[in-house]
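need a 3D model of the following:
(4 chains)
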Amino acid sequence: MSVKEAQANWEPKILVFACNWCTYAGADLAGLSRLQYPPNVRVLRVPCSGRVNPQFVIRAFQRGIDGVLVAGCHPGDCHYVTGNYFTRRRYLLMQRLLQYVGVDPERFQARWISGSEGPKFQQVVKEITEQIRAMGPNRKLRDAQ
Amino acid sequence: MKTVLKTKLPELFEKLANNYTVFVPAKIEGISRFAPYQNGLELALEENVLMPPKDIFFPQTEKMYKFKAKDQYLEIEDLPPEEGQQVIFGVRSCDLKSIDCLDQVFLTKGFVDAFYQDKRDRSILIGLSCVKPMENCFCSSMGVDPQKGVGADIQAYDLGDKVGFEAITEKGRELLGKIETLLVEEAASVPAVEKFVLTADIEGVPEKLKNMFDHPIWDDICRKCLNCSVCAFVCPTCHCFDIASEVRGEDGTKIRCWDTCMFDEYTRMAGGHQPRPGKKERVRNRFMHKLRYFPERYDMLLCTGCGRCVAKCPVNLDITAVIRKIKEAE
Amino acid sequence: MSDKVKKMQEIAREILEKGEAKVVIGWEKGTHWYLSPPAFIDKPEEVERLVWDDFCHNNLSKYLKDYVNHEGKVAIFVKGCDSRAFNRLLQDKQIERDKVILIGIPCHGLKDQDKAKELGENADIPKAKKCVECRYPNPLVYDYFIGEEKALDEVAAASEARDFSDVEAIETLSPDEKYEFWNKQYERCLRCYACRNVCPACSCRECIFDQTRVGWIGKANNASENQFFALTRAMHVAGLCIECGECERVCPMNIPIMLLNKKLIKDINLLFGPYDAGVDVDGKLPLGHFDKNDPEEFM
Amino acid sequence: MKRVGVFICHCGSNIAGAVDCEKVAENAKSFPGVAFSTDYKYMCSEPGQELIKKAIKDHKLDRIVVASCSPRMHEPTFRRCLESGGLNAYLLEMANIREHCSWVHPDDKEKATWKATELVRMAVAKVLKNEPLQRSTIPITKRALVIGGGIAGIQAALDIANAGHIVDIVEKEPSIGGKMAQIDKTFPTLDCSACILTPKMVEAANHPNINLITYSEIENVEGYVGNFDVTIRKKARSVDMTLCTGCGTCMQKCPTKVPSEFEMLMTDRRAIYTPFPQAIPNKPVIDRKNCRYFTTGKCRVCEKICPTKAVDYTQEDELVTQRYGAIVVATGFDLFDHSVYGEYGYGKYKDVITGLHFERLINASGPTMGKIKRPSDGKVPKDVVFIKCVGSRDEAKGKAYCSKTCCMYTAKHATLVREKIKDSNVYVFYMDVRTPGKGYDEFYTRTTDQFGAKYIRGRVSKIYEKGDKLIVRGEDTLLGRPVEVEADMVVLATAMVAQPDAAKLAQMVGFSYDQDNFYTEAHPKLAPVETHTAGVFLAGACQGPKDIPESVAQASAAAAKACGLLSKEEMPTEPIVSCVNEAICAGCGMCVPVCPYKALDLKVIQERAHGKTITRKVATVNSGLCQGCGACTVACRSAALNLKHFTNEQILAEVDALCL
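Coordinates of the predicted model:
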């Protein structure tokens, strides 16, 4: 099956910004534990959730992503001490702003997933994929190329 | 003169819309602009529209061609041609003049812009005379006759409750023929134009500017400018553009987009050098281009006195005031 | 001529004559009676150009950035909002306090220019939208002060309660209705960047929207790119917007930009505690620090 | 034109079992920039790595994507492989198609293959924007600084010095020794504190690798691991250390008496003084605030009497800057000010004293020569009440935490009272008795069983004076009835709190502290002596309440960490750090507060603009401090800050690629 064909019979595509130290490790652990989840997520590795610029999120919607998850270490556990506290502030605002302009709340989410929470990673990915599959493809903020 | 009641205009547009895309002055989301006629469109015939007809011929964003990366090569693919004739109704004299300016740039001196030419060739222009100048209008000062524009295929006249039509070109005659059944032939006199609120004395300004590049006047004129591009984007004659690529994986599209000398990237060179680093250089360029460089090259002003920039400039940087200052400068 | 205008001109003249500042930035009459654009006065004999009336909308503080490398001081007139703008730029280290002479002028709220144009000179013209909710009519910082402060504190008290009803009206819409609303607004955005250039919270040397080579934003003008601009601009001024409303006033396309700014102000106050930008120069910015007990919605 | 090589690993059947690796390699061939693509059974194996190296050569590849297991596993392996193949290690990107794909999607080969293809596409898009990065090294200055000369600081310094490195101890008091010097005996063995401390002090003083910098404070700290530039303020001693022999004549003749801080103000010292007789260095300083000469301009007795002419009133504070490779912070603790407790008399009753006062009272060299006499009238107390948890475990007025040492030292005090005053009665009011530690509970049991201290579980609600007695009222919560004790003296076990200037020092050095101003370790379990600032280590009670053995153990641990650092000539630095585009930076400083490592600062640059020279501020990244989190890049609205290897351009390229 070619990539194009795959897009023709739509499958949701979800971008996960995962911090290297917690969530990426958590996703690795899910793999090591052979915890199955839908193949609709793509993990983009960043050093810290604090590295995730809101502009990356909007860009993903522009280019046609169906959902975005920003995930990092739990507050207090940041490898870089305070990065996720800033993430929390920034994305509390960002989530509300996106909802304000009509982006459905399911489309943009944020979670804390630690390196030991492989099952949580699985769980979150399952949930979000199901939510978004039910909603259908995202058309909002999307550029028509 | 062939006339029609203003109230009957929608009927007329409806009829034309069977064969043409008919652009008419309309108010959409509170902004007046030219829009393809469709049922229920709110017409805006009392005053000139905020957005000039420029983007019908020269859109703010225009796709030029597509390309595809294949192995180590690029394949270029033309876009499907746009087809069909279009009628632009209600173009005021200032905007007709602006199309004349754009024609100079895009069609003369051996440089023919295929994208512009295509749209221009497929268009029939219906001018519309003005009776009461808006308070920022000063077209007559710029040598434009508010009652009769240049380059229209048909000149329409505002007769109060009616509109009168006069075919100018063969294309225009043909078009009028198609709506003949809706028109009435009657004697009508075109009302005189009311007094202009705003005027400018352009006499000798282009010549005087030849020696004013380094004049201290620019230090003063530029100061309140914000270097935004409201003036350029509402201007019917500003025609600068930038070419960019939109790439998505192997596929890409070349686009051209309006640009303006107010922006930093406009003159920034690849190595980072910026020959027009500040407000002064950019503001000077804007007025020099309108009032000196363009007249030098095409023998016409690049300002038609439509007054849009005067109305919309956030800091009231009024071109008539600039002209006055140039005149007064020693 | 009102006493205030006389006083304005007097102070400006004195400053220029004594050479305390090389230029005084104020307002003058423009093309029409309802326009009072910025004026730059270099010579004592020009001070008569200065006016103070119902249309001195322009926030003059942003112009101080043009004088950073000039020798000597600059004097500017500041309304309440202009003074908050001044504080913002000071907080962003874009200007130096001791290079500026601030002439404070209390402001009763200015009149709506569009309505003025429509209704005529003798009509009762309503207040500009941005001034209706003003909570800082008095300048917060100044070296000279024109007029009396007392009366205006009452004005301030009257509008103490913030009105977010316009924001709330949008919040109650369904996601699709919200999207349709904003999409329509930003479909017509010209990306002329007047809103950005006039904004005292936009203090960057080079805005990311001018960095097309990096690829933050495409050159194309369409609803998607325009909304990228709108949302990013809103996030960039989050916690910095001083509610001068200039962005919305200068927008040639009448986009309700303040509805975005006010949404962020509302949420910042709700989530992180009361905060007014441009009031406390030494304070921490809402997005420049955090509280370990910030609301927790990410689980 | 960039030439990317793509290598898809089967990982035996780990990947190939769920992903069609050949197909992924085939799909990758059409991605922009890909010049070569193949798959192989085990990419990380010797032959697999050889395959990559050969392809680099044969196909002139300049960037590599390896799709295999998690980069957290084999990124270092493949980076080394690129290096030996002649490419910069950072021109590698990995697509995680095992943990994130084959292992989690074992049952749908089609979709797993689709996902793997897209992960590879993302990696290719990113790697096209990778830049070669150079690991650099920073030299290590082979000199350590120990801040604080208490037992923790002394121990850390001795360990580092014994490992062969030069150590400076900076102590703010005129002598090293710290709180331990004030203590009489130590639990649970009841060794004499001075007997075990002073030999260590002497050893430190005489150690060829140790410099004592007493009566000095840290003024400023700049730099980063391996290269801290520390400015030390040497306060004016008014005594020339090189001339003074420590004969002590001046201290006898000085006419000004000042309450002695070391003796908890229970006796006097002179204005020219050493804090205690065994002080090291045993050379006095002049307390200028109280010295008659400095306050009135007349006197000069000490100057006249000094046989070596060592007294020098003209001395001034001296600032010296020294570079250190590592810093051990051992600034200790302070005691809770119990005057907030109205029920204990707001600190006004003379015979309500703290544990540390009591230490001095029972110390043979203390104000009472070791005789327990109460401060008000010098009488030997018969009924002594001890109150524990004064300020500890009290969120309302004191601290939420347990001060850890009080249970044991109170037991020790109770024992000593009973030992020294035969007919005495000892009452101990307590909330809990916590005695984990070697020999600790046995000691406590002896205190109650053998020495007969009466332990009463309950809080004291009031103490008031009645005649020359103190009436202590409380409740015995075990018996559920009120208790009233007529006491001669009350000893409060006040909480251990952080030093008053603890936060200031932390901010100066650049590490974090908790809500109680105790210093925060890098990880509570796995990095208990490190701070978040590389090269700065913690020892002793500055990190939280500790007793002596714990402080000493942590000091040795910190010393081991410091020695590990100092044993290297230089250390490699990770090149994934933030960088500033000065042309864009507006110098607004919004990045500065978000950096957890104090790696960002503003500096002034000069440049030519509009034909004249101007100066402006821009951000600057200290790449020695930067750990590459990228928080600053988001705080920077104009994107003047960028994080190498995770640049804005790279992440945007990944986002774009995955959305295709």
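
going forward, measure contacts between C-alpha atoms and count neighbours the same way
Fine.

let's verify the closest residue to chain B within the stretch 51-200 of chain D: helix, strand, or coil?
Here the residue of the stretch 51-200 of chain D nearest chain B is D:Ala125; by CA to the nearest CA that distance is 8.7 Å. Three-state call for D:Ala125 (DSSP: H, G, I helix; E, B strand; the rest coil): helix.

for the residue lying closest to C:Val237 once chain neighbours are set aside, give me the pLDDT.
Take C:Val237 and drop its neighbours on the chain: the residue closest to it by CA to CA, 6 or more residues apart in numbering or on different chains is C:Ala201, 5.8 Å away. Here the pLDDT value assigned to C:Ala201 is 95.

same thing with B:Glu250?
88.

one more: A:Glu5?
At A:Glu5, the model reports a pLDDT of 47.

show me where the stretch 51-200 of chain B has helices.
B:54-57, B:93-107, B:114-121, B:170-178 (DSSP state H, counting those that start in this stretch).

give me whichever of the ones you listed is most buried.
helix B:93-107 (a mean of 23; mean count of other CA atoms under 10 Å in any protein chain shown).

any stretches of chain C with poor pLDDT?
C:1, C:149-161, C:299 (pLDDT under 70).

same deal with chain B?
The model of chain B has pLDDT under 70 over residues B:71.

dump stretch B:67-80 to PDB, restricted to CA.
Provided in PDB are the C-alpha atoms of stretch B:67-80 (Å, rounded to 0.1, in the frame of the first residue of the first chain):
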ATOM      1  CA  PHE B  67       7.100  21.400  -9.500                       C
ATOM      2  CA  LYS B  68       8.000  18.000  -8.400                       C
ATOM      3  CA  ALA B  69      11.300  16.600  -7.200                       C
ATOM      4  CA  LYS B  70      12.200  13.400  -9.000                       C
ATOM      5  CA  ASP B  71      15.500  11.800  -8.200                       C
ATOM      6  CA  GLN B  72      18.000  14.600  -8.600                       C
ATOM      7  CA  TYR B  73      15.800  16.600 -11.000                       C
ATOM      8  CA  LEU B  74      12.800  19.000 -10.800                       C
ATOM      9  CA  GLU B  75       9.800  18.500 -13.100                       C
ATOM     10  CA  ILE B  76       7.800  21.600 -13.800                       C
ATOM     11  CA  GLU B  77       4.100  21.400 -14.400                       C
ATOM     12  CA  ASP B  78       1.900  24.200 -15.600                       C
ATOM     13  CA  LEU B  79      -1.300  24.900 -13.800                       C
ATOM     14  CA  PRO B  80      -4.500  24.400 -15.700                       C
END
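
so is it next to chain A?
No - Stretch B:67-80 stays out of contact with chain A when judged by CA under 8 Å from any CA of the partner chain, the minimum separation being 12.9 Å.

how about that stretch: buried residues?
Going by neighbour count (16 or more other CA atoms under 10 Å in any protein chain shown), the buried part of stretch B:67-80 is B:Phe67, B:Lys68, B:Ala69.

find the residue closest to the last one in space, skipping its chain neighbours.
Counting by CA to CA, 6+ apart, B:Ala69 lies nearest to B:Glu250, which is 5.0 Å off, once chain neighbours are set aside.

and the first one, by the same measure?
On the basis of CA to CA, 6+ apart, the spatially nearest residue to B:Phe67 that is not a chain neighbour turns out to be B:Ile76, at 4.3 Å.

how close does the most centrally placed residue in chain D get to D:Ile176?
The centroid of chain D falls nearest to D:Leu538 when counting by CA atoms, centre = their mean (3.5 Å). With the distance defined as CA to CA, to the nearest Å, D:Leu538 ends up 18 Å from D:Ile176.

show me the strands in the chain, by range?
Since you didn't name a chain, this refers to chain A. For chain A, the strands defined by DSSP state E cover A:14-19, A:41-46, A:67-72, A:108-112.

meant chain C, my bad for not saying
Counting by DSSP E, the strands of chain C are C:23-27, C:38-41, C:74-78, C:100-104, C:144-145.

closest to D:Trp114 out of these?
strand C:38-41 (60.1 Å; CA to CA).

just the element for the residue of the stretch 201-350 of chain D found nearest chain B, please.
Proximity of the stretch 201-350 of chain D to chain B (CA to the nearest CA) peaks at D:Gly223, 33.0 Å away. Assigned by DSSP states H and E, D:Gly223 belongs to strand D:216-224.
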